[in-house]
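Enquirer: Need coordinates for the following:
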Amino acid sequence: PQILGEWTYVAGASKYPPHLKELKEIKYATFSFSPGRHENELNTTEIMRVNETCVRTNSSKILIFQHNSTLMHVYEQVHSTAHLIQTDKDLLLLQHRNGNVPGLSLSARTLNVSKEHLEEFKAHLHCLGFTEDEVFFVS
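Expert: Reported below is the predicted structural model:
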């Protein structure tokens, strides 16, 4: 229940070249989680500004695997998974996997992220071996 509601995407990192290109182009992104039809399912609405284009997606779902804190994003025929590293009432930190290629994202309830949360994100980036060139913050 604590991940339901509105979130603002703050930063992301990836070692997967197609994702790096996408991360460079995201200028602003928000998303919201609402209860799905089943107990372990969430509906997702996303609004993004990619370069100068606004994109809204209403049809994606998140499947929740509580036994290992994993979320699976299902959109059309694409599935991606993320391990929930941390969440509290203000922070959502996800480690993404695309095969063996890691990714990490930071989202928050507002655009203003505390210094402590930002330091925690940077510590996870360091542990996963990310360089500054692989990390992108929204503008």
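Enquirer: All the strands of the chain, in order from the start?
Expert: In the chain, the strands defined using DSSP state E lie at 5-14, 26-35, 41-50, 53-65, 70-75, 78-87, 91-98, 101-108, 135-137.
Enquirer: Would you pull up how far the last one lies from the middle of the chain?
Expert: Going back to what we said before, that points to strand 135-137. On the basis of C-alpha atoms, centre = their mean, to the nearest Å, strand 135-137 is displaced by 12 Å from the centre of the chain it belongs to.
Enquirer: From the chain's centroid, how far away is the longest helix along the chain?
Expert: What stands out as the longest helix in the chain, according to DSSP state H, is helix 115-127. Taking the mean C-alpha point of helix 115-127 and that of its whole chain, the gap between them comes to 15 Å (C-alpha atoms, centre = their mean).
Enquirer: ok and it relative to strand 78-87, angle-wise?
Expert: Using axes from the mean of the first three to the mean of the last three C-alpha atoms, to 10 degrees, the direction of helix 115-127 lies 130 degrees away from that of strand 78-87.
Enquirer: on contacts alone, who are the packing partners of helix 115-127?
Expert: Contacts of helix 115-127 with other secondary structure elements, assessed using 3 or more C-beta pairs under 8 Å, 6 or more residues apart in numbering; DSSP states H and E, are made with strand 91-98, strand 101-108. In this view, the C-beta of every residue, glycine as well, is placed from N, C-alpha and C.
Enquirer: beta partners of Ile62?
Expert: Residues in a beta bridge with Ile62, per DSSP bridges, are Leu42, His73.
Enquirer: residues contacting it?
Expert: For Ile62, the residues meeting the contact criterion (C-beta atoms under 8 Å, 6 or more residues apart in numbering) are 33, 36, 41-44, 71-74.
Enquirer: List only buried entries from the residues you listed.
Expert: Of the members of the contacts of Ile62, the ones counted as buried by neighbours, 16 or more other C-beta atoms under 10 Å, are 33, 42, 44, 71, 73.
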